[in-house]
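*Asks:* quick one: sequence plus predicted model below, questions after.
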Amino acid sequence: MRKSRFAAISEPAARVRDLSYLDIFLFDLRPARQPDDERIAHERIRALSNTGPYLLASHLICGIVLVIHAVRTNGDNPLAIILPLGGVVVLAALSTLLNRRRTKQMRPHRVVRLWGAFTISIGALWAIVIGFGLPSPGDTVPPVICASLLGAFCLTVAAFISVPSLLLISYAAAFGSFLLFSRDPQILGLLIAFGGCLLGASMFGARGALIAAGRQLANEYQAKKAARFVAEFEQSGRGWFWETDANGALTYVSTQLADDLKRNAVDLIGTQFVDLLGMDAGSGAADSECTLGFYLSARVPFADATVKAKGHDDIWWSLSGTAHFDDYGRFLGFGGIGTDLTERRLAEAEINRLARYDALTALPNRTLMRATLEDALKAIEKQKKGCALYLIDLDRFKNVNDTLGHPVGDALLKQVAGRLASVVGKDGQVGRLGGDEFQAIFPAIDSEQYLGTLAKRLIEHVSQPYQIDGNTISIGASVGVAIARSQYQCADALIRDADLALYAAKDDGRGTFKLFSPDMHSDAQEKQGLEHDLRGAIQRGELRLVYQPVVNTVTEEVVAFEALVRWVRSNGQSIPTEQFIALAEECGLILAIGEWVLRTACMEAAHWPAQVRIAVNISPIQFASPHLVATVMSALTASELDPGRLELEITEGVFLSTEASVDETFRRLKAAGVRLALDDFGTGYSSLGYLKRAPLNKIKIDQSFVRGAAATGSTSEAILRSIISLAQSLKMDTTAEGVETHDDLNLIRELGCSQVQGYIFGKPMEAAEARTLARSVEAVAAKGYENARAPRYSLIRTANAQWNGMTFPVRIRNIAAGGALLESTRDLPDGSQIQLDIPGCSIMGADVRWSREGKVGIRFERPFNLRDLGPVQRAPVHDVRSTVDTPPPAQAAQAGRLTPADLNRSSAAVPGRR
């Protein structure tokens with residue numbers, strides 16, 4: 001594996017230790033092989049440059065001595081003077097060359113080679129000078145010359161001792177010089193031995209010098225690397241370094257610390273470190289500083305001590321430090337690092353705030369409100385007063401999000417939060433639980449009157465219009481109120497009670513408040529029991545379908561049946577359809593129940609003649625399901641029913657969704673051949689855009705416009721005419737629901753309505769009866785009463801009747817605004833005129849409609865004010881229509897308007913029936 005550059009630099013000493021003696025000898029003469037070798041060579045050349053001037057000066061002095069000696073002894077010999085003088089000049093020139101700045105900047109091996117050339121030149125020069133300038137061989141060499149030559153040689157050895165190549169070259173030059181004037185074998189032997197020892201010492205010293213230089217470079221590299229790491233750490237902003245002396249005064253401080261304190265780093269030197277630290281005002285206030293002061297005084301290491309900057313409440317540090325001692329155990333001071341905790345402290349504070357407060361409205365969230373409620377419950381015994389809880393739910397807020405978008409919804413929630421807080425004020429605490437749900441807690445308040453008044457004011461303020469981004473928005477609020485008067489009531493129970501009260505307020509029409517009462521709990525339990533039983537009603541066979549006929553208005557033939565679901569629990573209790581269907585939509589069972597109804601109805605319709613259709617009601621939740629079309633096609637396939645015989649009845653709730661999937665469902669159902677009918681038309685918004693958006697085949701007119709439409713003064717006739725005319729223009733069928741009287745039926749026929757559905761042609765019936773009726777080829781006979789009359793009230797009151805100049809007593813059995821049923825001992829002819837004198841009331845004129853067996857039915861000439869009678873009791877339902885315009889049942893049966901089978905049938909309006 002290749003070593004990294006850092007590994008090579010950090011181990012130069014170990015590599016030098018492995019060099020051979022030849023490599024050591026040639027180390028300075030050839031180019032460096034490694035970057036660190038070049039640095040080592042530079043260090044050695046730098047040392048050589050430091051001693052070089054002294055070496056050159058010694059040789060120059062030696063040359064001057066030789067020149068002076070030559071002038072004194074051989075003044076007549078010009079050559080003896082010129083040679084030493086030339087040597088001095090050459091020596092000066094070489095010295096100038098070697099000391100030039102440019103020469104020192106050359107690569108190390110080139111500088112060594114120059115010094116080698118200098119050494120050879122000096123050796124040759126001194127050999128020539130000695131040969132010509134000194135006395136002849138055998139003569140005594142003057143001591144001054146010997147001393148100068150020996151000094152120059154010794155300085156040369158000292159300068160070149162760490163450079164073996166230069167030392168060898170200088171030794172060779174000196175050895176050659178001595179050979180010129182002395183060939184004594186003993187001297188030569190001594191010179192050779194001295195040269196060997198000198199060379200060995202040089203090689204050994206060179207190795208040691210190289211190793212020491214390598215170690216020095218490694219230490220320098222480690223120091224530079226550590227300094228770089230320190231600088232990078234400080235520049236990153238993750239922390240800073242500090243150092244104190246034995247007295248606690250700062251001797252080093254990072255720039256970051258000075259910047260935090262808005263001071264210069266130089267000004268902080270000499271400042272007591274503890275003077276920069278402040279007290280923590282939070283919990284455990286002085287713990288951090290006292291602990292740090294203990295560590296500093298005890299001279300023991302410490303880590304992660306949290307302190308605050310003195311005079312800066314928004315600056316926090318985490319300090320770690322180590323005590324330093326010298327080799328003799330004397331304390332030198334502390335050194336360590338510091339970390340800025342300010343951002344982390346701010347982040348922790350923000351996290352704590354977000355954990356307890358709502359990010360959108362800045363109100364307390366569910367967690368904080370729960371803690372506040374528990375504290376309020378605990379304080380009941382001490383304050384001797386209970387506490388109250390509001391659960392607040394915004395009405396129509398979902399429509400704001402769906403139509404104007406969530407940003408507008410968020411802005412609306414902010415304004416609502418402000419209004420709630422202003423209404424509650426200091427009496428309580430308002431919080432947001434999530435979505436459009438808010439909560440208010442009132443400690444030490446248990447007055448129902450005060451809480452009711454406050455709830456009304458709160459609803460009024462929230463219901464005021466809002467102005468957001470140019471939009472005027474109106475919403476409402478429903479409030480559930482629960483009061484805890486005992487400290488032993490737990491928070492969960494109080495929240496549950498307030499929740500039940502809120503549901504009661506919503507069921508009461510929204511925009512109001514309800515105070516919890518125990519019966520709400522029983523209602524909730526009953527509702528929960530109903531939901532539990534409903535989940536298994538299909539498997540237990542408790543659900544069944546009944547079928548109400550839809551008749552052609554002209555031919556009175558059955559053209560369709562509407563499938564209506566009924567639920568009878570296992571205990572025999574019959575649950576109203578509206579109740580359990582609403583419950584199924586609320587708890588998510590409507591899809592399963594709707595699919596069962598669809599499949600069962602299609603299976604039954606398969607046994608009917610081909611011209612009879614089946615109508616099935618579809619909930620808006622079912623219609624929004626992406627599986628509706630697949631479910632419909634599966635039911636048709638399983639029952640082998642023609643798609644054109646299936647009619648799906650929808651309400652305008654389907655159109656409230658703006659999703660493209662609704663239009664796609666319309667398209668796919670129409671493509672499959674399934675018929676679509678708009679049910680309960682005329683109620684709700686009844687937007688004409690619905691007729692344009694959906695490919696409808698039929699409009700079903702709501703029964704509220706049909707019942708009593710033929711009565712005098714009714715405006716329903718004009719509405720019916722408009723709806724029927726619109727449907728005919730759009731080539732749609734129309735079905736009038738809830739037809740019960742012949743007058744209404746005749747009016748419906750005159751207006752051109754296509755079909756009729758109501759008790760006049762049959763009430764919902766079991767599957768077997770419906771199958772028989774569907775296969776019948778005869779028209780369905782219309783049943784019921786001739787017309788509708790106002791409701792009557794039963795009473796027993798004595799009055800006087802005047803007829804044909806005679807006055808006789810009568811007894812009033814029931815009465816309405818238009819007529820009354822009388823008991824009389826005298827039979828009166830039909831159509832006769834009488835005057836009825838009721839005590840306490842004005843005399844009323846009346847016509848006798850019929851008189852049989854001591855009973856007389858009369859009709860008032862003008863409407864009678866029932867309030868003149870005082871409190872009265874509502875008459876039984878079967879008496880409503882049989883007192884004025886209809887004779888006793890037996891006679892009515894003989895007249896052909898009422899069959900004996902219908903004598904006991906109720907004709908009162910039943911919610912939800914056809």
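*Replies:* Done, it's in.

*Asks:* ranges for the strands of the stretch 401-550 of the chain?
*Replies:* 429-434, 437-442, 466-468, 471-473, 476-484, 513-515, 543-552 (DSSP state E, counting those that start in this stretch).

*Asks:* let's have these in a markdown table, adding mean neighbour count, distance to R370 and mean pLDDT.
*Replies:* C-beta coordinates here come from the backbone N, C-alpha and C atoms, glycine included. Shown next, in a markdown table, are the strands of the stretch 401-550 of the chain (neighbours: other CB atoms under 10 Å; distance: least, CB to CB, whole Å; pLDDT from 0 to 100):
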| stretch | mean neighbour count | distance to R370 | mean pLDDT |
| --- | --- | --- | --- |
| strand 429-434 | 21 | 9 | 92 |
| strand 437-442 | 24 | 9 | 94 |
| strand 466-468 | 14 | 29 | 91 |
| strand 471-473 | 14 | 31 | 88 |
| strand 476-484 | 24 | 14 | 92 |
| strand 513-515 | 22 | 22 | 92 |
| strand 543-552 | 21 | 41 | 94 |
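
*Asks:* can you say which of these is nearest to A376?
*Replies:* Closest to A376 of those, according to CB to CB: strand 437-442, at 5.7 Å.

*Asks:* which elements pack onto the closest one?
*Replies:* Under the contact criterion of 3 or more CB pairs under 8 Å, 6 or more residues apart in numbering; DSSP states H and E, strand 437-442 touches helix 366-378, strand 387-395, helix 406-424, strand 429-434.

*Asks:* what does that strand rub up against?
*Replies:* Residues outside strand 437-442 that contact it (CB atoms under 8 Å, 6 or more residues apart in numbering) are 363, 366, 369, 372-373, 376, 387-394, 416-417, 420, 424, 427-433, 451, 458.

*Asks:* next: stretch 536-544.
*Replies:* Against stretch 536-544 from outside (CB under 8 Å, 6+ apart): 533, 565-570, 592-593, 596.

*Asks:* now the helix or strand that contains L726: average pLDDT?
*Replies:* Element membership for L726, per DSSP states H and E: helix 716-729. Averaging pLDDT along helix 716-729 yields 88.

*Asks:* so where's the stretch 401-550 of the chain uncertain?
*Replies:* 487-488 (pLDDT under 70).

*Asks:* in TSV: the contacts of stretch 536-544, plus neighbour count, distance to A846 and secondary structure.
*Replies:* Formatted as TSV, these follow (neighbours: other CB atoms under 10 Å; distance: CB to CB, whole Å; DSSP: H, G, I helix; E, B strand; the rest coil):
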residue	neighbour count	distance to A846	secondary structure
D533	18	54	helix
V565	20	47	strand
R566	16	44	strand
W567	23	48	strand
V568	14	47	strand
R569	16	50	coil
S570	11	54	coil
A592	14	59	helix
I593	21	53	helix
W596	16	56	helix
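
*Asks:* any chance of those residues in TSV, plus distance to A249?
*Replies:* Below are those laid out as TSV (distance: CB to CB, whole Å):
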residue	distance to A249
D533	84
V565	91
R566	95
W567	90
V568	95
R569	90
S570	91
A592	82
I593	85
W596	89
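
*Asks:* doesn't L354 lie inside a strand?
*Replies:* No: under DSSP: H, G, I helix; E, B strand; the rest coil, L354 sits outside any strand and is assigned helix.

*Asks:* now the helices for the stretch 651-800 of the chain?
*Replies:* 660-672, 688-693, 703-706, 716-729, 742-751, 767-775 (DSSP state H, counting those that start in this stretch).

*Asks:* any idea which of those is most buried?
*Replies:* helix 703-706 (a mean of 22; mean count of other CB atoms under 10 Å).

*Asks:* coming back round to it: by contact count, what packs against the helix holding L726?
*Replies:* Using 3+ CB pairs under 8 Å, 6+ apart: helix 716-729 touches strand 698-701, helix 703-706, strand 733-737, helix 742-751.

*Asks:* can I get the ones you listed in TSV including mean pLDDT and distance to A768?
*Replies:* Shown next, in TSV, are the helices and strands packed on helix 716-729 (pLDDT from 0 to 100; distance: least, CB to CB, whole Å):
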stretch	mean pLDDT	distance to A768
strand 698-701	91	26
helix 703-706	85	27
strand 733-737	92	24
helix 742-751	88	27
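
*Asks:* so which of the ones you listed gets nearest V550?
*Replies:* Set against V550 and scored by CB to CB, the helices and strands packed on helix 716-729 come closest in strand 733-737, at 6.1 Å.

*Asks:* that closest one pairs with which strands, parallel or anti?
*Replies:* strand 698-701 (parallel), strand 755-757 (parallel) (DSSP bridges).

*Asks:* show me where the stretch 801-914 of the chain dips below the pLDDT cut-off.
*Replies:* 870-914.

*Asks:* with distance to I64 as extra columns, can I get the helices and strands packed on helix 716-729 in CSV?
*Replies:* Formatted as CSV, those follow (distance: least, CB to CB, whole Å):
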stretch, distance to I64
strand 698-701, 135
helix 703-706, 139
strand 733-737, 140
helix 742-751, 147
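
*Asks:* out of the ones you listed, which gets nearest to C154?
*Replies:* Checking the helices and strands packed on helix 716-729 against C154 by CB to CB gives strand 698-701 as the closest, at 129.8 Å.

*Asks:* touching the closest one from outside, list them.
*Replies:* The contact list for strand 698-701, computed with CB under 8 Å, 6+ apart, reads 647, 649, 675-682, 691, 720, 723-724, 726-727, 732-737, 753-754, 757.
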